[in-house]
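> Mind folding the following:
(chains A and B)
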Amino acid sequence: MNFSEVFKLSGLLCKFSPNGKYLASCVQYRLVVRDVHTLQIVQLYTCLDQIQHAEWSADSLFILCAMYKRGLVQVWSLEQPEWHCKIDEGSAGLVASCWSPDGRHILNTTEFHLRITVWSLCTKSVSYIKYPKACQQGISFTRDGRYMALAERRDCRDHVSVFVCSDWQLLRHFDTDTQDLAGLEWAPNGCVLAVWDSCLEYKILLYSLDGRLLSTYCAYEWSLGIKSVDWSPSSQFLAIGSYDGKVRILNHVTWKMITEFGHLATINNPKIVVYKEAEKSSRLALGYNSFPQLRAIGTLPSAESKYEIASMPVSLQILKPVADRANPKIGVGTMAFSSDNYFLATKNDNVPNAVWIWDVQKMRLFVVLEQLSPVRSFQWDPQQPRLAICTGSSKVYLWSPAGCVSVQVPGEGDFQVLSLCWHLNGDSIALLSKDHFCLCFLETEGVRTTFGQLGDHT
Amino acid sequence: MGDWMTVTDPALSSESKITSQYTSETKMSPSSLYSQQVLCSSIPLSKNVHSFFSAFCTEENIEQSISYLDQELTTFGFPSLYEDSKGKETKRGLNVVAVLNCMNELLILQRKNLLAQENVETQNLKLGSDMGHLQNCYAKLKEQLETSRREMSGLQERDRQLQCKNRNLHQLLKNEKDEVQKLQNIIASRATQYNHDMKRKEREYNKLKERLHQLVMNKKDKKIAMEILNYVGRADGKRGSWRTDKTEARNEDEMYTILLSDYEYRQKQILMENAELKKVLQQMKKEMISLLSPQKQRPRERTDDNTGTALSDVEEDAGEMNRESIWDLSCETVREQLTNSIRKQWRILKSHVEKLDNQVSKVHLEGVNDEDVISRQDHEQETEKLEVEIQQCKEMIKTQQQLLQQQLATACDDDTSSLLRDCYLLEEKERLKEEWSLLKEQKKNFEKERRSFIEAAIRLGLERKAFEEERAIWLKQQFLSMTNFDLQNSENVKLFSAFSGSSDRDNHTVHSRPRARKPHSVANGSPNCTSKLTKSLPASPSTSDFCQTRSCVSEHSSSINILNITPEETKPNQVGRECTNLKWSVASRPASQEGCYNGRSLTYANSHIHKDNLP
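Take a look at the predicted model:
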C-alpha cells in the first residue's frame, strides 16, 4: 500500500472521473484536474467564486462547478480548455445542480424548489419542471440513464413524474400514497422505483416503470420509520434501515420481507467475528498476512492501531440518544451492498463506532468492526468485496473476508480522514480531510491473489 | 338407706368377694337373674343387715325376728319360712330347709348384686372417663371453632381489603383508560389539526411560491441566462429530435420493451431455477429408488409390500428416463407425476427407515431373541448339554466294554463254566453285539449332531455380525443421503435465487470443477468409450478421488454440481460423461467407507444414462 503526496483541497470536493482517468479536486475557486496515475495536473480552471459542488459528466468530458451562493454554474470541458459555459440562475437562486445522465444537460434546482431548470449544452432550449418536492432524495436517474424519476408536490399530495431523459418528455405521472414523501430510488435494473415516506411513518412503495404500484411494505406503525434505503446491485434485494435499529430485506419477487437484521449491542455468537480496534503496542496487525505489502509501512509511530478479535460475549458502545431533539441519533442510517451482492455493511447510529457486515448469502451477521472513534463513512470497493472505512482519525481501515487492517496515513501533521472514495478499478482510494487529500494505492500482486476471484483486470 | 348406697366399705366388698368366690359353683337360674334385677335397690340393705345382724336378732326376739323375716321374705316372693300349718290354732314351726334355701337364695342374690354393682361401677367409671374425654374434646373443638372463627373473620377482613383494593385498581384502570382515550382523542385531534394546519400552510406556501415564481420569472430577468462559447454535439452524435406524438409513442414502446425484457429475464431465471429444482427432485427420486431397490436383493430381508412398490417404480422410472425431454416441459401432469412419485418414494423410504428403527430398538430390547433366530446363549447351552451327554455315553460304553472284556476273560479262564454258560453266552454275545452297534451308531449320531450344532453356531455368529454391519451401513447411508438431499436442495434454491444476478462466482467455480475432475476421467479411459466408462466408473473411485470431489463439493456449494450440466452446454457425446460424473460426485458424498455400496447404486444409475445415450 502506497500513499501519494498530500494535495490541497476544500469542501471535500474530490472526484474521480467516471472513466477513471482523471481526478478533479477543488481548492477554493480553482478546479484542478489531475491524471490518476501520474497525479500531474492536466487542467486547471478558475471559477468566479468558491466552488461548492463539482460533478463530472457521465462521459468524463465536462465538469460542472456550482457556486450556490451566487446562483452560478460553470461548466468546463476537458478536451477544449478554452471552451466555457456559465449558467446564471439570477434572482431565482440555486440550491442544487446536477448532470443529466447523457452529460449534455444540467438540472438546476432553484431556491425554495420553485422549479428545476434543464439547461442543454447542445441546443438553446431550456426546459422547466415545476413543483419539485424539497426532500432528501427527490431525483433519481436509472442506471442506464434513460429515465428520471422526480418527486413532486402538488395540491398537498405527493406525485412522481417519470421523464425520458433523451428529450425530457413526461412518460408517467402518478400520485403516491405517502404522507410526506422523503425519497425515491430506482432499482439498478431500472424497472422498479422505490418510494418511501418520511421518518414519521414507516412506509415504502414500489412502482413499476409504467407507474403501476407493485407493492407496499410497512413494518410497523406509530414509531419513527425509514432512515435509509439501498438496493442491492443485482436489484434482487432492497434493504431498508429504520429507526428501530433494524434492517429489513425485501425480495424482488414477492416484495415481502426475507429477513430482519437486528443490531444488538451485545453479540454472543461464536460464528460472528468481532474485530475490535485497539491501540497498538506491537507491530503486527491482524490480517497481516492478507496484506503482505504492509510490511513496508510496518515501522510507524506509536499512534498506530490494530484489530483484535474480541472474545465472545461482546458488548458494543452504545450512544444514548437525546430524546427531546429532532433527528435522534438512533436507527440504521447508512447501508451499502458490496458490488458483488455478497455483503451488506450497515451502521447503526446509536452504536456509532461499529460497522456491521452481513452475509447476504446466508442472511446472517458475519463480522462486526468496532472502531475507537465514530465511523464517518464507509464505501465498498467497486470490484471486490472490500470495505474501506474512515473515522475522522488519521487511519484508514480496510476489511475483506480474509481479515481487516488499519493503516496509518503517513505524512507530517495529522491527516484526519473525513471521507473517502474508491477509484473505479478498486486499486486506489482518495482519502479526504478538511483541507487536504491524498491517494492510497492498493494495487499489488498480494492483494490480487488474496481477493483473487475477480482478478481479471489489470 | 340413701346414705348407705353411696358408702362402700372396702372390707365389705372384699368379704362379699370372698363369699362370691365360695359360692361360685352355684349356677344362676334365670329366675334369680330376674329377681336380682328387681332387688337391685335392696342390695345395700342386705349388706347392712348382714353387718347389723347381731343387733337385729337376740335370744329374746327370735320368734319376732323369724316372723319378721318371714314376712319380709314372703313380701319379696320367697317361700315362707314356716312349715305349712295344718290347723290355724297350732303354732307353725320353723322350716329349716326353707330357711336354708332362703339363705342360699339370698346369698346368691347378694353375689349377683355385688357383681352387678361392680359392673355398674366399672361402667360408671368408664362413662365418667368417656365423659371427661368428651368434655375435653368439646373444649378442644370449641377452641378450634373459636380460632377458625377468628381466622374467618381475618380472612373476611382481608378479602374486604382486597376487594377494596381491586375496586380502587379498577377505578384507576378506568381512569387510565379514560386518560388514554382522552390522549388518543387529543392526539387524533392534534393530528387532524396538524394536518389541517400543514395543508393550510402548504397552500399558503404554494401561493407564495407561485407569487415568487411570477415575480422572479416574469421580470424578464436578464440574469437568468446561459453563456456558452459554442454548443456541443450530443453524446450520441445525433441531432435532437422534435417532440411529437411519434416520439411519445416511441418512448412508450421503449419503456414497454425494457419492462418486457426485464420480465423475460426474470422468467428465464425462474425457469432455470425450476429446471434445477426439477433436476434435484429427479435425482432425489433416483437416489431413493437406488436406496430402496437393493433391499429386495437381500437374502434375509423379509418380503414386504414396500419392495414390491419400489420394484414397480424402478421399472416405471426406467420408462420415464427414456422420455427425459418431458421433464423440460413444465406441464402440469408431468409436474404432478414427479411430485407424486417423489412423495411416494419418500413415504416408502420413511416407513422403511421407521421399520429399521423399530427393528433396531427391538434388537436392543430383546437381545437376539428373534423368532427365527436361535440365540447364541441357547445354542451354547444346548451344545454344552450335548457334550455332557456324549461324555456320559462314552463312559457308559467304556464300562460296558470293560465288563465285556472281564466276562470274556473269565470265560477264557474257566472252561467249564464257559461250557456251561456257552449257550447263554452265545445268546448274550449276540445281544451285546447288537447293543454295541446301536451304541456306536448313537455315538456317531451324537457326534454328528454336535458338529452340526457347532457349525450352526459359527454360522449364526457370522450371520449376526454381517447383519449388524449391514444394518449399520444402511442406517448411516440412509441418514447421510437424506441429510444430503435436504442440504443440497435448500442450498441450491437459496443460492440460486440469491445470486442469479451476477454469477461471477458461479462461473468461476464452474470452470474450476472440470479441472478437479479431469485426472479421474482420464484414468478411467477415453471419454468416448461410454460403455467402458460406465462399467469402470463405479469400481474405480479410490479414496483420494473421493476426497477430491468431497472437498470440491464442500468448497463450492452443491448447486454447482447441477449448474454445470444445464442442457445448453452439454454436447451430445459428452452427456454421458457429464452425467456420470455428476452422479458419481453426488453419490460419493457419503463417507467413503460405503463406496462399494454406492458403486452398486451407481451402476444402476449409469446403466440408465448409458441406455439414453446409445441412440
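> State the helix or strand in which the residue of the stretch 51-200 of chain B found nearest chain A lies.
Here the stretch 51-200 of chain B gets closest to chain A at one residue, B:Lys199, 5.0 Å apart by Cβ to the nearest Cβ. In short, each C-beta sits where N, CA and C put it, glycine included. Counting by DSSP states H and E, the element that carries B:Lys199 is helix B:96-217.
> and that helix, what's its mean pLDDT?
The predicted model assigns helix B:96-217 a mean pLDDT of 91.
> hang on, the earlier thing: I'd guessed the residue of the stretch 51-200 of chain B closest to chain A sits against A:Cys156; true?
Yes - counting by Cβ atoms under 8 Å, A:Cys156 is a contact partner of B:Lys199 at 5.0 Å.
> For B:Glu434, see how far away the residue of the stretch 51-200 of chain B closest to chain A is.
Applying Cβ to Cβ, to the nearest Å, the value for B:Lys199 to B:Glu434 is 131 Å.
> do the same with B:Gly128
The gap separating B:Gly128 from B:Glu434 is 101 Å, by Cβ to Cβ.
> Now for the one residue in chain A that gets nearest to chain B, how many residues are close by?
Closest approach between chain A and chain B, counting by Cβ to the nearest Cβ: A:Ser234, at 2.7 Å. Using other Cβ atoms under 10 Å in any protein chain shown, A:Ser234 has 20 neighbouring residues.
> cool, and B:Thr147?
Around B:Thr147 sit 10 other residues, with neighbours defined as other Cβ under 10 Å.
> What of A:Leu64?
Applying other Cβ under 10 Å, we find 25 residues neighbouring A:Leu64.
> mind checking the SS state of it?
With DSSP: H, G, I helix; E, B strand; the rest coil as the basis, A:Leu64 sits in strand.
> Report how far apart the opening and closing residues of stretch A:348-364 are.
16 Å (Cα to Cα, to the nearest Å).
> which parts of it are buried?
Of the residues in stretch A:348-364, A:348-361, A:363 count as buried by neighbour count, 16 or more other Cβ atoms under 10 Å in any protein chain shown.
> Point out where the chain drops to low pLDDT.
Defaulting to chain A. Scanning chain A with the threshold set as pLDDT under 70 gives A:281-303, A:443-458.
> wait, chain B
For chain B, the ranges with pLDDT under 70 are B:1-54, B:84-92, B:218-223, B:235-243, B:294-333, B:365-375, B:410-425, B:482-615.
> Helices of the stretch 301-450 of chain B, start to end?
B:305-322, B:325-328, B:332-366, B:376-413, B:415-498 (DSSP state H, counting those that start in this stretch).
> same check, this time on chain A
Assigned by DSSP state H, the helices in chain A fall at A:445-450.
> Closest to the centroid, which residue in it?
Centroid check for chain A by Cα atoms, centre = their mean gives A:Gln379 as the closest residue, at 6.7 Å.
> On the strand side of things, show who it bridges to.
For A:Gln379, the beta-bridge partners under DSSP bridges are A:Ala388.
> Could you measure from it over to A:Cys421?
A:Gln379 sits 6 Å away from A:Cys421, going by Cβ to Cβ.
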